[in-house]
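Participant: coords please:
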Amino acid sequence: MKTDSKTILITGGAGFIGSNLAEKLLKMGHSVYIMDNLDDYYDPEIKKKNIEELCNYKNIKIFIIDINDKTTLSQIFHKHLNK
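Facilitator: Residues are numbered from 1 along each chain as shown. Predicted structure coming up:
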């Protein structure tokens with residue numbers, strides 16, 4: 001099945017569900033933007049490993065950010081997602 005390439009934002013993208021979703025979307029040819037604060041709900045080292053594995057794809061951008069930080073979030077949206 002052919003899909004039109006899209007840019008998709010995943011919050012919590014370093015976790016188990018988010019990183020697996022990101023990988024699936026990347027394999028489908030989409031561009032993926034991940035935002036995650038790497039909180040310690042479970043081991044942040046696992047999340048860092050998940051991110052490292054996703055860095056093998058060229059169409060991914062990863063932002064280590066707390067989405068409650070409205071200033072930084074706004075800057076990211078204006079610079080990267082406002083197309």
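
Participant: for the protein, which segments count as helices?
Facilitator: Listed in chain order, the helices of the chain (DSSP state H) span 16-27, 44-54, 70-76.

Participant: packing partners for the longest one?
Facilitator: The one in question is helix 16-27. Helices and strands touching helix 16-27, by 3 or more Cβ pairs under 8 Å, 6 or more residues apart in numbering; DSSP states H and E, are strand 7-11, strand 31-36, helix 44-54. Quick note: C-beta positions are derived from backbone N, CA and C, even for glycine.

Participant: most packed of those?
Facilitator: Counting by mean count of other Cβ atoms under 10 Å, strand 31-36 has the highest mean neighbour count of the helices and strands packed on helix 16-27, with a mean of 22.

Participant: from the chain's centroid, how far away is that one?
Facilitator: Distance, stretch centre to chain centre, for strand 31-36: 2 Å (Cα atoms, centre = their mean, to the nearest Å).

Participant: sheet-wise, list the partners of it with their directions.
Facilitator: Sheet pairing of strand 31-36 (DSSP bridges) gives strand 7-11 (parallel), strand 60-64 (parallel).

Participant: which other residues reach it?
Facilitator: 5-15, 18-19, 22, 25-26, 47, 51, 54, 57, 59-65, 67, 73, 76, 80-81 (Cβ atoms under 8 Å, 6 or more residues apart in numbering).

Participant: let's see that with 6 Å instead.
Facilitator: Identification of contacts with strand 31-36 by Cβ atoms under 6 Å, 6 or more residues apart in numbering yields 7-14, 22, 25-26, 59-63, 65, 67.

Participant: of those, just the buried ones, ChimeraX syntax please.
Facilitator: Selecting just the buried residues from the contacts of strand 31-36 in ChimeraX takes one command, with 16 or more other Cβ atoms under 10 Å as the test:
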select :8,9,10,12,13,14,22,25,26,60,62,63,65
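
Participant: mind putting the helices and strands packed on helix 16-27 into a markdown table with mean pLDDT?
Facilitator: Shown next, in a markdown table, are the helices and strands packed on helix 16-27 (pLDDT from 0 to 100):
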| stretch | mean pLDDT |
| --- | --- |
| strand 7-11 | 95 |
| strand 31-36 | 97 |
| helix 44-54 | 95 |
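
Participant: ok so, going back, mind putting the helices of the chain in JSON lines, distance to D36 included?
Facilitator: Formatted as JSON lines, the helices of the chain follow (distance: least, Cβ to Cβ, whole Å):
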{"stretch": "helix 16-27", "distance to D36": "7"}
{"stretch": "helix 44-54", "distance to D36": "7"}
{"stretch": "helix 70-76", "distance to D36": "13"}
